[in-house]
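> got a predicted structure here, sequence first:
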Amino acid sequence: MVLYRGILKSCNYSCTYCPFSKHNMRGGELEKDRRQWFSFLKRFTAQGEKAGFHSLMLTPYGEAMIHPWYWEGLAQLSALPWIEAVGAQTNLSFAADASLDMFEQNGGVLTKLRFWATFHPQMTTVSQFAQTCRQLTARGIRLCAGAVGAPEHTALLQQLREALPDRVYMWINQMDGLGRAYTEKEKQIFADIDPYFYRELQPHPADVSQCRGRLFAEGDGRCRLCNISQSWKAEALPETGQSWKAEALSETGQAEIPKLCSRKRCSCYLAYGGRSNLVNQMLFGPWPLFRIPRRPRAVFLDIEGTLLTHQAQISQCAGRPKTREIAADVRAALEVLAKREQTRLFFATTLPYQDAKKRCRSIWHLFSGGVFAGGGHIIIEEMQNKKLRKEWFAAVPEQCLQDLERMIQSNQVRMLVYRDPQGICYKITLLHAARRPWSSREADAVEKCLTDPVKKQVRCLVEGHCMQIVAAGAEKAAGVKQICSWLGIPLNEIFAAGDSKEDIKMMQYQLGFSD
């Protein structure tokens with residue numbers, strides 16, 4: 001995603017706290033802003049797809065959407081087949097229907113248009129602002145709306161929440177310069193309005209390793225990691241030349257990330273909201289900087305490497321509980337999804353059920369079951385609805401155990417066998433005694449020791465020093481599909497996350513890929 005900010009530094013509003021309301025740009029300055037914008041668009045259109053960019057958002061100093069050239073430019077971008085979303089931060093002071101008509105007349109695709117709308121209580125009323133939001137949503141525009149969390153405006157912001165359409169997310173930004181901490185009552189008021197307000201109050205230490213999915217571009221082509229970082233300035237989109245291969249971009253078209261950020265923390269949503277982490281993707285989708293919640297009907301999450309990030313390779317298969325905790329921001333996000341958004345949460349893991357419960361005891365109550373043992377065990381068990389319980393196991397033939405017994409007697413391998421309540425085997429785990437990773441040669445040797453009928457009935461997968469054997473049809477994606485079928489949830493209305501090849505297929509469902 002690219003954030004674009006030209007030289008525009010003026011606004012049609014005159015809020016007392018804003019410096020841009022005090023600067024009136026002359027005709028020549030506006031013309032330069034228009035010229036730079038279209039020059040940028042020319043370069044972006046020619047080179048953006050190759051460089052891997054698929055979304056653009058205007059983040060101006062001032063109000064861009066009162067100027068027709070921004071509508072024209074966003075329309076042109078949205079018509080490109082490789083562009084998935086375009087939009088802007090705006091005060092919504094433009095004439096909604098006339099501006100959208102202009103957008104369409106210039107070839108714009110309304111379904112790709114997004115707005116981050118800010119309510120300014122000094123310049124507009126709750127009813128006027130909410131009416132514009134309704135006009136936009138009636139035309140199919142996706143947007144969020146919100147305001148700075150000034151304590152003296154709590155009643156007004158509560159009114160705005162009531163006036164906005166239910167599906168429009170209302171955010172609250174932490175107020176800079178307050179000079180004191182929010183009271184507990186103020187925190188609760190803002191949290192009732194904005195379920196993700198807690199993120200504004202959390203520290204977000206700078207971490208450039210999470211900045212690979214975005215670029216902040218100025219009108220003259222200078223770029224850096226985000227709107228507040230000064231650690232990277234280069235001609236990534238040069239005014240002259242035909243290539244993106246400047247200091248900022250490598251020959252592969254991927255941004256070269258500096259080792260350190262010039263800032264100690266990500267101090268605003270444009271900074272922390274654009275990081276490539278689980279919470280942003282889970283809550284706000286592939287383009288989280290638009291700040292529009294994705295609101296999946298079901299979430300499926302891998303455990304090792306996703307909910308619990310990888311550390312020392314201690315056995316994840318031998319039933320040993322871990323001391324690692326789910327990250328605080330992840331836990332808070334899951335709380336909101338389960339309790340406020342009524343999203344069903346499920347695990348999708350190669351761990352057996354009991355091992356998964358030991359790892360995730362602190363969040364277990366938020367989940368409704370999941371896909372365990374790599375798809376060998378599927379269960380729905382909703383805490384709030386005791387009647388909704390379904391469970392299924394995929395049997396591994398007993399002959400597989402007999403074949404493996406002969407192999408492990410001559411090798412330093414430990415075998416764990418998992419059985420359902422009726423005693424039927426649904427998963428086998430082979431562990432190296434020395435806790436060393438399985439080589440491809442060793443894995444092939446295991447498969448060769450299986451008799452021909454068994455080979456067709458099972459599949460083997462290697463995870464570090466663990467080799468898992470489950471039924472041939474058992475996999476995470478199949479389990480996700482089964483749970484969604486039980487609940488009547490379309491596969492493109494889910495979110496799934498993992499960190500291995502086993503997770504790819506289930507993650508593709510949310511993008512609309514079929515079997």
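Right, received. Where do you want to start?

> endpoints of stretch 44-58, how far apart?
14 Å (C-alpha to C-alpha, to the nearest Å).

> in that stretch, what's buried?
Phe44, Thr45, Gln47, Gly48, Ala51, Gly52, Phe53, Ser55, Leu56, Met57, Leu58 (16 or more other C-beta atoms under 10 Å). All C-beta atoms are positioned from the backbone trio N, CA, C, and that covers glycine.

> what is the neighbour count of Ala348?
By the criterion of other C-beta atoms under 10 Å, Ala348 has 30 neighbours.

> was I right to think it contacts Ile504?
No. Counting by C-beta atoms under 8 Å, Ala348 does not reach Ile504; the two are 11.9 Å apart.

> isn't Val371 right up against Thr349?
Yes. Contact criterion C-beta under 8 Å: Val371 and Thr349 qualify, at 7.1 Å.

> still on that earlier bit, shared neighbours, Ala348 and Ile504?
Gly498 (C-beta atoms under 8 Å, 6 or more residues apart in numbering).

> mind listing the strands for the stretch 301-450 of the chain?
344-348, 369-372, 377-381, 389-393, 413-419, 425-432 (DSSP state E, counting those that start in this stretch).

> need these in a markdown table (columns: mean pLDDT and distance to Asp33).
A markdown table is the format used below for the strands of the stretch 301-450 of the chain (pLDDT from 0 to 100; distance: least, C-beta to C-beta, whole Å):
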| stretch | mean pLDDT | distance to Asp33 |
| --- | --- | --- |
| strand 344-348 | 97 | 46 |
| strand 369-372 | 98 | 51 |
| strand 377-381 | 96 | 55 |
| strand 389-393 | 94 | 59 |
| strand 413-419 | 92 | 64 |
| strand 425-432 | 92 | 62 |
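
> can you list those in a markdown table and add distance to Lys32?
What follows is the strands of the stretch 301-450 of the chain, written out as a markdown table (distance: least, C-beta to C-beta, whole Å):
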| stretch | distance to Lys32 |
| --- | --- |
| strand 344-348 | 51 |
| strand 369-372 | 56 |
| strand 377-381 | 60 |
| strand 389-393 | 63 |
| strand 413-419 | 68 |
| strand 425-432 | 66 |
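
> for these, which one sits closest to Glu31?
Glu31 lies closest to strand 344-348 among the strands of the stretch 301-450 of the chain, at 52.5 Å (C-beta to C-beta).

> what strands flank that closest one, and is each parallel or antiparallel?
strand 298-301 (parallel), strand 369-372 (parallel) (DSSP bridges).

> and those as CSV, adding distance to Gly107?
Output for the strands paired with strand 344-348, formatted as CSV (distance: least, C-beta to C-beta, whole Å):
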stretch, distance to Gly107
strand 298-301, 36
strand 369-372, 44
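
> quick one, which of the ones you listed gets closest to Asn492.
Between those, strand 298-301 lies closest to Asn492; by C-beta to C-beta that is 11.3 Å.

> tell me the buried residues in that closest one?
For strand 298-301, the neighbour count (16+ other C-beta under 10 Å) marks Ala298, Val299, Phe300, Leu301 as buried.

> just stretch 217-233 next, same as before
Within stretch 217-233, the residues that count as buried by 16+ other C-beta under 10 Å are 217-219, 221-229, 231-232.

> just the pLDDT for Ile489.
Note on Ile489: pLDDT of 95.

> what is the neighbour count of it?
The burial count for Ile489: 16, using other C-beta under 10 Å.

> that one reaches Val299, doesn't it?
No. At 10.8 Å, Ile489 does not count as touching Val299 under the criterion of C-beta under 8 Å.

> contact partners for the residue lying closest to Ser127 once chain neighbours are set aside?
Nearest residue to Ser127 in three dimensions, chain neighbours excluded: Ala163, at 6.6 Å (C-beta to C-beta, 6 or more residues apart in numbering). Ala163 makes contact with Val126, Ser127, Phe129, Ala130, according to C-beta under 8 Å, 6+ apart.

> which members of the residues you listed are positioned in helices?
Using DSSP state H, the members of the contacts of Ala163 that fall in helices are Val126, Ser127, Phe129, Ala130.

> so where's the protein uncertain?
Scanning the chain for pLDDT under 70 picks out 18-23, 231-259, 310-323, 383-386, 410, 512-515.

> can you point me to the longest helix in it?
Ranked by residue count, the top helix of the chain under DSSP H comes out as helix 27-51.

> could you identify the most distant pair in the buried residues of stretch 44-58?
The span of those, defined through C-beta to C-beta, is set by Gly52 and Leu58 at 20.0 Å.

> dump the contacts of Ala163 to CSV, plus distance to Arg406.
CSV is the format used below for these (distance: C-beta to C-beta, whole Å):
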residue, distance to Arg406
Val126, 76
Ser127, 78
Phe129, 74
Ala130, 73
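
> which of those are buried?
Of these, these count as buried by 16+ other C-beta under 10 Å: Val126, Phe129, Ala130.

> so what's the second one up against?
The reference is to Phe129. Leu92, Ala117, Phe119, Ala145, Leu160, Ala163.

> go again with 6 Å.
Phe119 (C-beta atoms under 6 Å, 6 or more residues apart in numbering).

> before we move on, what about Met65?
Counting by C-beta under 6 Å, 6+ apart, Met65 has contacts Ala88, Thr90, Phe94.

> cool, Phe44 as well?
Going by C-beta under 6 Å, 6+ apart, the list of residues near Phe44 is empty.

> roughly how far does it sit from Cys360?
43 Å (C-beta to C-beta, to the nearest Å).

> repeat for Gly370
Computed as C-beta to C-beta, the Gly370 to Cys360 distance reads 10 Å.

> of these two, give the one with the bigger neighbour count.
When neighbours are counted by other C-beta under 10 Å, Gly370 and Cys360 differ, and Gly370 comes out ahead with 27 against 22.

> correct me, but the more buried one touches Thr349?
No. At 7.1 Å, Gly370 does not count as touching Thr349 under the criterion of C-beta atoms under 6 Å.

> helices along the stretch 1-150 of the chain, start to end?
27-51, 68-78, 96-105, 126-138 (DSSP state H, counting those that start in this stretch).

> cool, the stretch 251-400 of the chain as well?
Going by DSSP H, counting those that start in this stretch, the stretch 251-400 of the chain shows helices at 269-272, 278-284, 328-335, 353-359, 398-408.
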